[in-house]
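J.: Fold the following, please.
(2 chains)
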Amino acid sequence: MTEQAPAIELKGISKAFGPVQANKDISIRVMPGTIHGIIGENGAGKSTLMSILYGFYKADAGEVFIAGQKTSIPDSQAAIAAGIGMVFQHFKLVENFTVLENVILGAEDSGLLRPSLARARRELKSLAEEYELNVDPDALIEEVGVGMQQRVEILKALYRKADILILDEPTGVLTPAEADHLFRILENLKREGKTIILITHKLREIMEITDTVSVMRRGEMTATVKTTDTSPAELAELMVGRKVLLRVDKAPAQIGRKILEVRDLNVTDDKGVHRLKGVSFDVHAGEILGIAGVAGNGQSELLEVLGGYERATGSIKVNGEEIDLTGAKSDGQSRRLRGIAHVPEDRQREGLIMDYAAWENTAFGYHHADEYQRSSLFMDNAAIRKDTEEKMARFDVRPPDPKLAAKNFSGGNQQKIVLAREIERNPDLLLIGQPTRGVDIGAIEFIHQQIVALRDQGKAILLVSVELEEILSLSDRIAVMFDGKMMGERMPQETDEKELGLLMAGMTTEPQGSLHEAVEANLAHAGGDASKEV
Amino acid sequence: MDFATLLQMLDATMRLATPLLLACLAGLYSERAGIFDIGLEGKMLAAAFLSAAIASVTGNVWVGLLAGIGASMALSVVHGLASITFRGNQLISGVAINFLAAGLTVVVAQSWFRQGGRTPQLTDGGRFEPITLPFAEALRDVPVIGPIYYELISGHTPLVYVAILMVPLTWWILYRTRFGLRLRAVGENPAAVDTAGVSVIYLRYVAVAICGVLCGIAGAYLATALQAGFVKDMSAGRGFIALAALIFAKWRPWYALYACLLFGFLQAMSLRPDVIEGVLNFKVNGQFLDVLPYILTVVILAGFVGKAIPPRAGGEPYVKER
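T.: Have a look, this model is predicted:
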């Protein structure tokens, strides 16, 4: 290495939120012109560390050096002045402003807007040519896809002359082609001497693009290594603190009779948007059907219809019997009675009541069950609590305290509570949406094992996930949704991320010309709000 | 209805729309910055009282106007502290301000002037006088244009012109200046403003302060221009009508003008039941005309006029989060 001063050096950074030590004595050096990955489970303290660097939080102890200079960063303004730009996981854009207005916000040249807008327009054009950061300056943010929104965030940082760019989980909402495009942009930026910090929990991305990688676990930096000297398995072990199975271990599927038959399902939402367009498919006993797709292409509506809280036209048969899609029997309770269990996509809003205790949450939907009643008037709360305690033990929920409110469990443990409630009722069909969103690697392993175990008991499973890796490793059959339609089915052994990625962007053949542009154009064609719901 | 009567009606519309427009624009600044303000009514009332009280004591209406603005500003600071600094509930703060103003104005008026909760009748220098615009007299006899200019456009108190001029000014500030861009942004997504290195708190306080000034002018207009002195509850729901107009206008300045003129026209109608009778050829119950603006308010608030999307961060205190 050269004698250059590091672009960023943190020394002994600590930060506590009440009793929780989010960052413990963290030191890190990032050399200029490199891409440095920070990897760790949810709650490991990655985002806290970067928020300190961007002036969102004040560290309790420690020092920050930018390009060798000791720098204090009390607020975002100071961070910007120090040449730091940040692309947050949830974009900080004003939705009903144009791209141009978002770029200049806070970095206007003068009291009047016209000169700033004109300068920004010129600058954006040259930045677009330099780094493949093409955007439409006059488009409204709410009308463009997430890929472009993310490029606007990067442009915002570059427009403010940032030399250091921090990206927090940047690929979570992107299609594989869009992610590749992003990585090309990052490579371009690196070539121009910019320093990039990439926060992610995806091992593949770390291996693919970073030069060095730091691993965080429970607020501590457990290792910093050169990417070429490590392996995904080693990183996963460093993240979790024990050996982790990255591939799902499963026997070949024993396909049984047809459990679910969906024919020509159509949903139009209250804004008049056609969300599902003639969807048909089957799921058999002992089979996991994975539905891949970029968020907002109708998967949520599909789960909602099957789960009983969205109206639809068409036909759904469970075990050969028609299900009511619009009438009095189109509710969650009736669905459960027909043997459908549902682990919803948004567990914090639809799967749990966050302020209620775990034992109350494990009874929801099944609170009419006979074993929960003491008499015809009163519920047997003690029985529910005892039942919950047993479930928590079987599903390794930590802490195993039935009286703790749902919001006090981590994402993975919340998911286990929902899973325990739905699986243990012995359903014929399990609907499961984004089973591992916001869930730690260790818990992901456990949840995947549970899903496979359920399949091996001969249950039908409909899995919806935006994580392609998850779809590929769990599914026995894969269907891809785009713009409310089924784009086709593939067997996991006979396909790959690239082919699925194209289907997810609505393309059935190889596009001509630049891949990401074709993908982008197709996604935009499907309507701006297709990509907005994440 | 002849031309002269129509002009009179429109003239009254202008006068009655002025306080609505000022309050509506006041609310526009505040709500565009993400601070809902149902305390417009209370601020107007406090300003009406203090402007009339000070004008009657000093005999100078301009000093009265300043005092009115001061009273409204004081309540704005309370609202700002409650909703920005202490991140309280903006609706509750607004309701509290309305109650506070309704009670305090009467109590203090009684204690100061002992006239049953009124201020003394304002005379001469204590009131805003109509001003005659240049050439009004000369053009008076030109057909059509003359009467329109003389009757309708000329001959209002200065605050009427202030209110009208505030409309293009507000539009220009919102859409053509850095401050306007940031103001609109902070009401839509304060996190975007914060991460861009601009203070959310500062912007919101400025917006609330502008709201205070405009409400102050609106209140002073009621007591020192429209009427001659303060009486109990003289704002008579105008703050709420202004809010309805703001929703009707979908938080846009020019539409705020049109909405306020519509409400002003309805109020003008209730002053001239004879004209309505002349036009419709049957007698309309006077009370019905009185309640028309309020009925329209309810209709608008119930959402019968298309979808009005408020600023997205409206009503939410800003808390930094990861």
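J.: switch to C-alpha atoms for all contacts and neighbour counts from now on
T.: OK.
J.: The residue nearest to A:R247 when sequence neighbours are not counted: neighbour count?
T.: Spatially, and ignoring its direct neighbours in sequence, A:R247 is nearest to A:S473 (6.9 Å; C-alpha to C-alpha, 6 or more residues apart in numbering or on different chains). By the criterion of other C-alpha atoms under 10 Å in any protein chain shown, A:S473 has 17 neighbours.
J.: can you give me the helices in the stretch 51-200 of chain A?
T.: In the stretch 51-200 of chain A, the segments counted as helices under DSSP state H, counting those that start in this stretch are A:76-81, A:99-104, A:113-131, A:146-159, A:176-191.
J.: let me redo that: the stretch 401-534 of chain A
T.: Using DSSP H, counting those that start in this stretch, helices in the stretch 401-534 of chain A cover A:411-423, A:441-456, A:468-474, A:497-504, A:515-525.
J.: Relative to A:G320, which of those is closest?
T.: helix A:441-456 (19.6 Å; C-alpha to C-alpha).
J.: Mind giving me the packing neighbours of that closest one?
T.: Identification of packing neighbours for helix A:441-456 by 3 or more C-alpha pairs under 8 Å, 6 or more residues apart in numbering or on different chains; DSSP states H and E yields helix A:232-240, helix A:411-423.
J.: can I get the CA coordinates of it in PDB?
T.: The C-alpha coordinates for helix A:441-456 follow below in PDB (Å, rounded to 0.1, in the frame of the first residue of the first chain):
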ATOM      1  CA  ILE A 441     -28.600 -14.900   9.200                       C
ATOM      2  CA  GLY A 442     -28.800 -17.300  12.200                       C
ATOM      3  CA  ALA A 443     -32.600 -17.000  12.300                       C
ATOM      4  CA  ILE A 444     -32.800 -17.200   8.500                       C
ATOM      5  CA  GLU A 445     -31.200 -20.700   8.700                       C
ATOM      6  CA  PHE A 446     -33.800 -21.800  11.300                       C
ATOM      7  CA  ILE A 447     -36.800 -20.400   9.400                       C
ATOM      8  CA  HIS A 448     -35.700 -22.000   6.200                       C
ATOM      9  CA  GLN A 449     -35.400 -25.300   7.900                       C
ATOM     10  CA  GLN A 450     -38.900 -25.000   9.300                       C
ATOM     11  CA  ILE A 451     -40.300 -24.300   5.900                       C
ATOM     12  CA  VAL A 452     -38.600 -27.300   4.400                       C
ATOM     13  CA  ALA A 453     -39.700 -29.500   7.300                       C
ATOM     14  CA  LEU A 454     -43.300 -28.400   6.700                       C
ATOM     15  CA  ARG A 455     -42.900 -29.300   3.100                       C
ATOM     16  CA  ASP A 456     -41.600 -32.700   4.000                       C
END
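J.: tell me the contacts of the closest residue to chain B within the stretch 101-250 of chain A?
T.: Here the stretch 101-250 of chain A gets closest to chain B at one residue, A:L112, 4.4 Å apart by C-alpha to the nearest C-alpha. The contact partners of A:L112, by C-alpha atoms under 8 Å, 6 or more residues apart in numbering or on different chains, come to B:176-178.
J.: Over to B:A136?
T.: Neighbours of B:A136 in contact, by C-alpha under 8 Å, 6+ apart: B:146, B:149-150, B:154.
J.: how far away is it from B:D37?
T.: Between B:A136 and B:D37 the computed distance is 40 Å (C-alpha to C-alpha, to the nearest Å).
J.: do the same with B:V231
T.: Counting by C-alpha to C-alpha - B:V231 and B:D37 are separated by 24 Å.
J.: In strands, which of the contacts of B:A136 appear?
T.: Among the contacts of B:A136, no member falls in strands (criterion: DSSP state E).
J.: and of those residues, the nearest to A:V343?
T.: Closest to A:V343, out of all of those and judged by C-alpha to C-alpha, is B:S154, at 69.7 Å.
J.: is it true that the closest one touches B:E137?
T.: No - using C-alpha atoms under 8 Å, B:S154 makes no contact with B:E137, being 9.6 Å away.
J.: Compare these two (neighbour count), which wins?
T.: Each of B:S154 and B:E137 has its neighbours counted (other C-alpha under 10 Å); B:S154 has more, 20 against 14.
J.: Who are the contact partners of the more buried one?
T.: B:S154 neighbours (C-alpha under 8 Å, 6+ apart): B:131-133, B:136.
J.: so what does the longest helix along chain B touch, helix or strand wise?
T.: Counting by DSSP state H, the longest helix found in chain B is helix B:3-32. Helix B:3-32 is packed against helix B:40-58, helix B:158-176, helix B:178-188, helix B:200-221, helix B:238-248, helix B:253-271, with contacts defined by 3+ C-alpha pairs under 8 Å, 6+ apart.
J.: Can you redo the ones you listed as JSON lines, where the extra columns are mean pLDDT, distance to chain A and mean neighbour count?
T.: Formatted as JSON lines, these follow (pLDDT from 0 to 100; distance: least, C-alpha to the nearest C-alpha, whole Å; neighbours: other C-alpha atoms under 10 Å in any protein chain shown):
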{"stretch": "helix B:40-58", "mean pLDDT": "96", "distance to chain A": "27", "mean neighbour count": "31"}
{"stretch": "helix B:158-176", "mean pLDDT": "96", "distance to chain A": "6", "mean neighbour count": "17"}
{"stretch": "helix B:178-188", "mean pLDDT": "96", "distance to chain A": "5", "mean neighbour count": "25"}
{"stretch": "helix B:200-221", "mean pLDDT": "97", "distance to chain A": "11", "mean neighbour count": "27"}
{"stretch": "helix B:238-248", "mean pLDDT": "93", "distance to chain A": "18", "mean neighbour count": "27"}
{"stretch": "helix B:253-271", "mean pLDDT": "93", "distance to chain A": "17", "mean neighbour count": "22"}
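J.: got the contact list for the most centrally placed residue in chain A?
T.: With distances taken as C-alpha atoms, centre = their mean, A:G172 lies nearest the centre of chain A, 4.8 Å away. Residues near A:G172 by C-alpha under 8 Å, 6+ apart: none.
J.: What is the burial count for residue 104?
T.: Picking chain A for this. Neighbour tally, A:I104, other C-alpha under 10 Å: 23.
J.: let's do chain B instead
T.: The burial count for B:L104: 16, using other C-alpha under 10 Å.
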